[in-house]
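S.K.: Quick one, what's the 3D model for this:
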Amino acid sequence: MKTLVVIPVYNESETLKVVLEKVAKYVDGIVLVDDGSQPSMKSLAKGHDVFYLRHKINLGQGAALDTGTRFALSQGADLIIHMDADDQHDSAYIPAMIQQMKDTDTDIIIGSRFLDKEVQSNIPALRKFILKGAVYLNFITTGVKMTDAHNGFRIMNKKAASVMRFTENRMAYATEILDIIRRNKLKVGEIAQKVKYTDYSLEKGQKNINAVNILFDIISKKIFR
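M.R.: This is a model prediction of the structure:
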């Protein structure tokens, strides 16, 4: 099964090369979507089996993943993985994710920081509180109950990828995924994953205050769609 990983990148020059080196040994190719980085990240992609795509301006992670997923499908991918470029996600989990897809009839498997008590022990307290609250918000707004919210490490088959068309350009896309799962009756699973929190990843990653912005985006869409 041809497996491609889609990695959106925005000014992650400090970690990108390391991430690409780690990921390359587990997949058949990497789709790197440079979401308006200044300067571009193209030079850092050299030496790897990478398809380099670029947005001229920063559109947001949802838009970058939409671009990358469409491209991966056009390249004949059977399985598509989404992961971040800030080295939070451990690529060593990829074989287990692929194996779980092969062993089950799920269409999409999403990483969870809350399936294993030991795994969740390293999550900053405020981040854990916000993520737990977001789980309930996601369930209320989408009807899909998961143990984690806004985990960017996931794997899907062609059936799921073909309907993952994001209208939320930024971080609210992660809740939109659950809406897409519900509307298309996709079979979803979870897999325990530890996320590595560093000063760099916390600075580059989603800020806690963004939870308010995401909430506003979700509610606005529900009211005005």
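S.K.: Tell me if Gly47 really is in a helix.
M.R.: No: applying DSSP: H, G, I helix; E, B strand; the rest coil, one finds Gly47 to be coil, outside a helix.
S.K.: Next one: the spatially most central residue of the chain from Lys56, what distance?
M.R.: For the chain, the residue nearest the mean C-alpha position is Gly152 (2.6 Å; C-alpha atoms, centre = their mean). For Gly152, the distance to Lys56 (C-beta to C-beta, to the nearest Å) stands at 23 Å. Using the backbone N, CA and C atoms, a C-beta is placed for each residue, glycine as well.
S.K.: What of Gln38?
M.R.: Counting by C-beta to C-beta - Gln38 and Lys56 are separated by 11 Å.
S.K.: Show me where this protein has its helices.
M.R.: Using DSSP state H, the helices assigned to the chain run over residues 16-24, 61-74, 94-103, 125-142, 158-163, 173-183, 199-204, 210-224.
S.K.: Quickly, which of those bottoms out on average pLDDT?
M.R.: Among these, helix 210-224 carries the lowest mean pLDDT, a mean of 48.
S.K.: for Met164, what are its contacts?
M.R.: Contact analysis of Met164 by C-beta atoms under 8 Å, 6 or more residues apart in numbering lists 65-66, 69, 156, 177, 180.
S.K.: Now the two most distant members of those.
M.R.: Based on C-beta to C-beta, the longest span within those runs between Asp66 and Met156 and measures 13.1 Å.
S.K.: the more surrounded of the two?
M.R.: Met156 (26 against 22; other C-beta atoms under 10 Å).
S.K.: hang on, the more buried one packs against Ile108?
M.R.: Yes: under the criterion of C-beta atoms under 8 Å, Met156 makes contact with Ile108 at 4.1 Å.
S.K.: Next, the buried residues of stretch 169-187.
M.R.: Buried residues in stretch 169-187, counted by 16 or more other C-beta atoms under 10 Å: 169-181, 186.
S.K.: now the closest residue to Glu12 other than its chain neighbours: how far from Asp105?
M.R.: Among residues not flanking Glu12 along the chain, Ala85 sits closest, at 4.2 Å (C-beta to C-beta, 6 or more residues apart in numbering). Distance check for Ala85 against Asp105: by C-beta to C-beta, it reads 31 Å.
S.K.: With Ser91 instead?
M.R.: Counting by C-beta to C-beta - Ser91 and Asp105 are separated by 25 Å.
S.K.: Not counting its neighbours along the chain, what's nearest Val144?
M.R.: Leu178 (4.1 Å).
S.K.: Next, work out how far apart the one you found and Phe51 are.
M.R.: 28 Å.
S.K.: for Leu59, same thing?
M.R.: Taking C-beta to C-beta, one finds Leu59 at 18 Å from Phe51.
S.K.: ditto for Ala92
M.R.: 23 Å.
S.K.: Looking only at neighbour counts, state which of the two leads.
M.R.: Taking neighbours as other C-beta under 10 Å, Ala92 and Phe51 compare with Phe51 leading, 17 against 11.
S.K.: List the residues that contact that one.
M.R.: Residues in contact with Phe51, defined by C-beta under 8 Å, 6+ apart, are 29-32, 71, 75.
S.K.: Tell me which of the residues you listed fall in strands.
M.R.: Cross-referencing those against strands under DSSP state E gives 29-32.
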